[in-house]
Each structure stands twice: as C-alpha cells, then as structure tokens.
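Engineer: Return atomic coordinates for the entry below.
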Amino acid sequence: MPDYNDMFELTVEDMELIETALRRTKEELSQEQLTAPDSDADDMVNRIHELLGRLHNQKVFYYPKEGVFVGG
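Structural biologist: Sure thing, here's the model as predicted:
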C-alpha cells in the first residue's frame, strides 16, 4: 500500500483558493440545511469548519516589534 506524501508545495495563493472553496462549499451546505435538514450535510459542514480552523491555526501572523499594534 502506498504511503501519503507529507511534503506539500503550495503557495499562499493556493491556500487562499482552497480556503475560499471550502467556505463557499460550507455556505452552500448550510443553505441547503435550512431548506432540507440532512445529517450528512451536518457532518460535512462540521468537517469543513474543523479543517478551516486547522488551516487558520497554521498561519503565522506578524506584529510590529515596536509601537502599539492596532488591529482591524
């Protein structure tokens, strides 16, 4: 049985595209749930939500070394 490749070569733009696609899919599934509740869609929405969270947690955020950080 083949092993999985654990070395990915994705650009920041690739990651943005993946995140955008996941958000759109999650939004579409959520809209479908409003009209026709489905436990399979619930599971998929939860899995996408968790994956988006894991992607977010891998980002490195930079803050100024001097001065006060103003977010927004």
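
Engineer: what about the helices in the chain?
Structural biologist: Per DSSP state H, the chain carries helices over the ranges 12-35, 39-57.

Engineer: Quick one: residues in contact with the first one.
Structural biologist: Looking back up the chat, that one is helix 12-35. Residues outside helix 12-35 that contact it (Cβ atoms under 8 Å, 6 or more residues apart in numbering): 10, 38, 41-42, 44-45, 48-49, 51-52, 55. C-betas here are computed from N, CA, C, even on glycine.

Engineer: Lowest-confidence one in these?
Structural biologist: Across those, the bottom pLDDT score, 79, is held by residue 38.

Engineer: Report how many residues lie close to the nearest residue to residue 45 once chain neighbours are set aside.
Structural biologist: Spatially, and ignoring its direct neighbours in sequence, residue 45 is nearest to residue 29 (5.0 Å; Cβ to Cβ, 6 or more residues apart in numbering). For residue 29, the count of nearby residues is 17 (other Cβ atoms under 10 Å).

Engineer: buried subset of the contacts of helix 12-35?
Structural biologist: Buried members of those, scored by 16 or more other Cβ atoms under 10 Å, are 41, 45, 48.

Engineer: so how far is residue 62 from residue 47?
Structural biologist: Relative to residue 62, residue 47 is positioned 30 Å away (Cβ to Cβ, to the nearest Å).

Engineer: Among these two, which residue is more densely surrounded?
Structural biologist: Under the neighbour definition other Cβ under 10 Å, residue 47 and residue 62 were set side by side, and residue 47 has more, 12 against 6.

Engineer: Give me the pLDDT for that one.
Structural biologist: Among the per-residue scores, residue 47 shows a pLDDT of 96.

Engineer: tell me the two of the contacts of helix 12-35 that are most distant?
Structural biologist: 10 and 38 (31.3 Å; Cβ to Cβ).

Engineer: With adjacent residues omitted, what lies nearest to the spatially most central residue of the chain?
Structural biologist: Nearest residue to the geometric centre of the chain (Cα atoms, centre = their mean): residue 52, 2.2 Å. Nearest non-adjacent residue to residue 52, counting by Cβ to Cβ, 6+ apart: residue 22, 5.6 Å away.

Engineer: Count the residues that sit near that neighbour.
Structural biologist: For residue 22, using other Cβ under 10 Å, the count is 16.
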